[in-house]
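Visitor: Here is a sequence together with a model predicted from it:
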Amino acid sequence: MTKNIGTVDRTVRIVVGLVLLSLVFVGPQTPWGWIGLVLIATAAVGYCPPYALLGISTRGKQKESEEKMA
């Protein structure tokens, strides 16, 4: 499992995930807010399965080559 989520993408996922998760407890109290947990989990791990299937990576080229060397 090679990490395919960059720093900016991780930050955005955490912020959006927290906003969605807050919908469960405040506001319209919709169960759709639980999707925020998926975003937070993928940000924490640094890996997004749909990105892998589509061949997308938001990490920089330099970081990918450093990871392969380690």
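Guide: Arrived safely. Because the structure is a prediction, the values reported are computed rather than measured. Numbering: from 1, shown residues only.
Visitor: next helix or strand past the lengthiest helix in the chain?
Guide: Longest helix in the chain, counting residues (DSSP state H): helix 7-25. Remark: after helix 7-25, the chain's next helix or strand is helix 35-45, criterion DSSP states H and E.
Visitor: Distance from that following helix to the middle of the chain?
Guide: Distance of helix 35-45 from the chain centroid (Cα atoms, centre = their mean, to the nearest Å) equals 5 Å.
Visitor: pLDDT weak spots in this structure?
Guide: Along the chain, the model assigns pLDDT under 70 to residues 62-70.
Visitor: Please repeat the previous calculation with a cut-off of 90.
Guide: Residue ranges of the chain with pLDDT under 90: 1, 27-32, 60-70.
Visitor: Centre-most residue in it?
Guide: What sits nearest the mean C-alpha location of the chain, by Cα atoms, centre = their mean, is residue 43, with 3.4 Å.
Visitor: ok, now which ones touch that residue?
Guide: Residue 43 is in contact with 5, 9, 10, 11, 13, 14, 17, counting by Cβ atoms under 8 Å, 6 or more residues apart in numbering. (C-beta placed from N, C-alpha, C; glycine too.)
Visitor: excluding its backbone neighbours, what's nearest the first one?
Guide: Meaning residue 5. residue 46 (5.1 Å; Cβ to Cβ, 6 or more residues apart in numbering).
Visitor: Run through the residues that contact the one you found.
Guide: By Cβ under 8 Å, 6+ apart, the residues touching residue 46 are 3, 4, 5, 10.
Visitor: Could you measure from the residue nearest to the residue nearest to the centre of the chain when sequence neighbours are not counted over to residue 29?
Guide: Distances taken as Cβ to Cβ, 6+ apart put residue 13 closest to residue 43, at 3.9 Å, once the chain neighbours are dropped. Per Cβ to Cβ, to the nearest Å, residue 13 is found 22 Å from residue 29.
Visitor: Right, I'll leave it there.
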